[in-house]
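>>> A structural model of the following input is requested.
(one chain, ligands or ions: 2)
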Amino acid sequence: MKAEKAERMAVQLMKRHGLTDKGWAFRFNFRIGSVGRATNDNGKKFIELSLPIVEVNREEIINDVLLHEIGHAKRGIWHKHDSKWRSITKSLGGSGMEFWDVSSSCAAKSIVMPKGIGQWVCDNCSWSSEIYRRPKPRVRYSCRNCHSIMRRHYYPKPHTTYK
Ligand SMILES: [Zn+2]
Ligand SMILES: [Zn+2]
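Ligands and ions are numbered 1, 2, ... in the order given. Below is the predicted model:
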């Protein structure tokens, strides 16, 4: 779905379920390890969606992901996927499923993963991470593993559009 629409949906749901009044804000991230996150970043609380994943997935899934994350926000993020979290999430109209955790076995059936256009490669420790959008030429990333500056490597045939 379109990013703008996902953001509108997120903000609406967060208002409806009382998060906005409690200081929660919405933002996108560029991670691909999970579709959504409820996170506390130096005392600021955020519901996040992965922009590259949002762009290739259907609205029903993103809606359910948001309810999942709002459930975490209401329950307290440290409780993870406990039974109280699940009942809160269901009371909001969510499925209470964890299928968008991309690492879980049923993720493949539900979530479409974006294709990268290349990789950041660390020549020091050989860590690599997928590139999903062409970063600005001067952007530099340091390795998550050893903190060396990573080299960018684009695939020969870049995937420039997402379905
Ligand atoms: Zn979760
Ligand atoms: Zn490294």
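>>> now stretch 70-81: average pLDDT?
Averaged across stretch 70-81, pLDDT comes to 95.
>>> got the residues of this structure near ligand 2?
122, 124-125, 127, 143, 145-146, 148 (CB under 5 Å from the ion). Where you see a C-beta, it was placed from the backbone N, CA and C, and this is true even at glycine.
>>> of these, which is the most crowded?
Within these, neighbour counts (other CB atoms under 10 Å) peak at C122, which reaches 21 neighbours.
>>> which residue, other than its chain neighbours, is closest to that residue?
Nearest residue to C122, sequence neighbours excluded (CB to CB, 6 or more residues apart in numbering): C143, at 4.0 Å.
>>> surely that neighbour meets M150?
Yes: using CB atoms under 8 Å, C143 makes contact with M150 at a distance of 5.4 Å.
>>> L66 contacts N57, doesn't it?
No: in this structure L66 lies outside contact range of N57 using CB under 8 Å: 12.0 Å.
>>> show me where pLDDT drops low in the protein?
Per-residue confidence for the chain (pLDDT under 70) gives these ranges: 33, 99-110, 156-163.
>>> make it 90
29-35, 50-53, 55-58, 60-61, 95-120, 126-141, 144-145, 152-163 (pLDDT under 90).
>>> look through it and tell me its longest helix.
Ranked by residue count, the top helix of the chain under DSSP state H comes out as helix 59-75.
>>> how far is it from where the chain is centred?
On the basis of CA atoms, centre = their mean, to the nearest Å, helix 59-75 sits 11 Å off its chain's mean C-alpha point.
>>> now the strands: where do they sit in the protein?
Using DSSP state E, the strands of the chain run over 24-29, 36-41, 44-50, 118-121, 128-131, 151-154.
>>> which of the ones you listed is buried the deepest?
strand 44-50 (a mean of 20; mean count of other CB atoms under 10 Å).
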